[in-house]
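# need a structure here:
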Amino acid sequence: MDHVEALSCVLCDETYDPDQLIYTCPNHESVRGILEVVYDYDRVAERFDESMDGRIDSQWKYRAFLPVADDSTPVTLGEGGTPLLDAPRLGDELGVDLRVKDDGRNPTGVLKDRATAVSLTKAREFGRNVVTCASTGNAAASLAGYAARGGQDCRLFVPGDAPKGKLAQPLVYGADVLGVEGSYDEAYDLSMAVTERFGWYNRNAAVNPFQVEGKRTVGHELAEQTQEDLPDWLVFSMGDGCTIAGGWKGFREFRDLGFVDDAPKMLGVQAHGASAIHDAFQEHDDVDEVADTVADSIAVGRPRNTVKACMALEESDGDSVLVSDEEILAGEALLGRTEGIYAEPAGAAPVAGVKKAREQGIIEPGESVVVVVTGNGLKDTESAMRAAGEVESIAPDIDDVIERYPDEV
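Below is the predicted model:
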């Protein structure tokens, strides 16, 4: 990997060999010294010989940017290359020029597949055949699917209240799914403990330095897809903070290398019940470590990547907002009925966030906005029913239909 210079601690700038299997900087005990992958961008630019023509078959179009060895065979299911859709009806509702990046179309239905493909490829490079993570559901499904693809054993730790629908996927993929009698944060701590004890390869995006690198391909794709009409704002929901950090890093790289002229401001969206990154960015003192929100994919009380997320917001001159569960569910229904895009609550949170940012004057009328849907609605059908309402019952009689639609007879 001659294009990768080092792994650098975001807290103390200590550097480590990128060929070394290390998760966090050991100089820090009470907090995690998260590591950042540092590149030789002159070398990256030499390696990248793809056309910026908007045709993206998968995220591996950007292999020159990814921290994998030249002779590695990627563990892939065809992740990336997701569509960027114009959303005029939703934009009219929100008072902005809107587009939607639908990453719920990834192989297991979630943006996390981008990161998982890279980390499973790295697990192979490090000679680790057992992989693990903690998850509220989506990362578990993603890791299990890619582990099955790569022929690796998968052991997953999920909180007891994880949606049953999300756990069906990893079970079908053949993973060991262990329900922890506690919160996501307790499941996370246990996954880290077994990583140290057993030597399993840990996919946790909050600490695995290569995870964010996979997620940043969504920023690369967005830069390529919008190069003729760059957005003013790019909107992500935030849980552990890895996704918005990756999206910003990818877009910023393409700007810095001259592939696009500018980069958007980042808007981070969190739920009122899981607001730690927003609180840190806005310099609030009352940070609550208990997560309680319908958007389980971002229900993180103690985000491990707060530093990188806040750096993305600060460097982009961006901002953050909080939305209620009711606003998230309303955003899910609004996205579905205006544009035909089915998102899980965390994936719809950016829609609610744009509405809130408009109300607060953060986003101005008519500005260009891209929202990123991070997960498909089939991940959480129970919440979808809460958002959209129940099925209306009628008799098997045409008169009941006429009564329902009298003006159309």
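# Residue 322 is in what secondary structure piece?
strand 319-323 (DSSP states H and E).
# Following element in sequence after that strand, please.
helix 325-339.
# Now find how far off-centre that next one is within its chain.
19 Å (CA atoms, centre = their mean, to the nearest Å).
# so how far is the next helix or strand along the chain from it off the chain centroid?
Moving toward the C-terminus from helix 325-339, the next helix or strand (DSSP H and E) is helix 345-359. Relative to its chain's centre, helix 345-359 lies at 15 Å (CA atoms, centre = their mean).
# With only the CA atoms kept, save helix 345-359 in PDB.
The C-alpha coordinates for helix 345-359 follow below in PDB (Å, rounded to 0.1, in the frame of the first residue of the first chain):
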ATOM      1  CA  PRO A 345     -36.200   5.900  10.200                       C
ATOM      2  CA  ALA A 346     -32.500   6.700  10.400                       C
ATOM      3  CA  GLY A 347     -32.500   7.000   6.600                       C
ATOM      4  CA  ALA A 348     -35.400   9.400   6.700                       C
ATOM      5  CA  ALA A 349     -34.000  11.500   9.500                       C
ATOM      6  CA  PRO A 350     -32.200  13.800   7.000                       C
ATOM      7  CA  VAL A 351     -35.500  14.700   5.500                       C
ATOM      8  CA  ALA A 352     -36.800  15.800   8.900                       C
ATOM      9  CA  GLY A 353     -33.500  17.500   9.400                       C
ATOM     10  CA  VAL A 354     -33.800  19.600   6.300                       C
ATOM     11  CA  LYS A 355     -37.300  20.700   7.400                       C
ATOM     12  CA  LYS A 356     -35.900  21.600  10.800                       C
ATOM     13  CA  ALA A 357     -32.900  23.500   9.300                       C
ATOM     14  CA  ARG A 358     -35.300  25.500   7.100                       C
ATOM     15  CA  GLU A 359     -37.400  26.400  10.100                       C
END
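# Residue 82 is in contact with residue 221, isn't it?
Yes: the pair residue 82 and residue 221 passes the contact test of CB atoms under 8 Å, sitting 7.2 Å apart. Just so you know, the C-beta spots here come from the backbone N, C-alpha and C atoms, and that holds for glycine as well.
# Can you pull out the residues in contact with the strand holding residue 322?
238, 265, 267-272, 275, 277-278, 281-282, 313, 331, 349, 352-353, 355-357, 360, 362 (CB atoms under 8 Å, 6 or more residues apart in numbering).
# Over to stretch 28-45?
Under CB under 8 Å, 6+ apart, the answer for stretch 28-45 is 2-12, 14-16, 18, 22-27, 64-65, 67, 206-207, 209-210, 212-213, 253, 256-257, 304-305, 307-308.
# Can you get me the start-to-end distance on it?
34 Å (CA to CA, to the nearest Å).
# What of stretch 53-64?
So stretch 53-64: terminal residues 17 Å apart, CA to CA.
# which outside residues touch that stretch?
Contact partners of stretch 53-64, identified using CB under 8 Å, 6+ apart, comprise 3, 44, 47-50, 66, 74, 76, 78-81, 114, 117, 214, 217, 220-221, 224-225, 227.
# Quick one: mean pLDDT for it?
Averaging pLDDT along stretch 53-64 gives 96.
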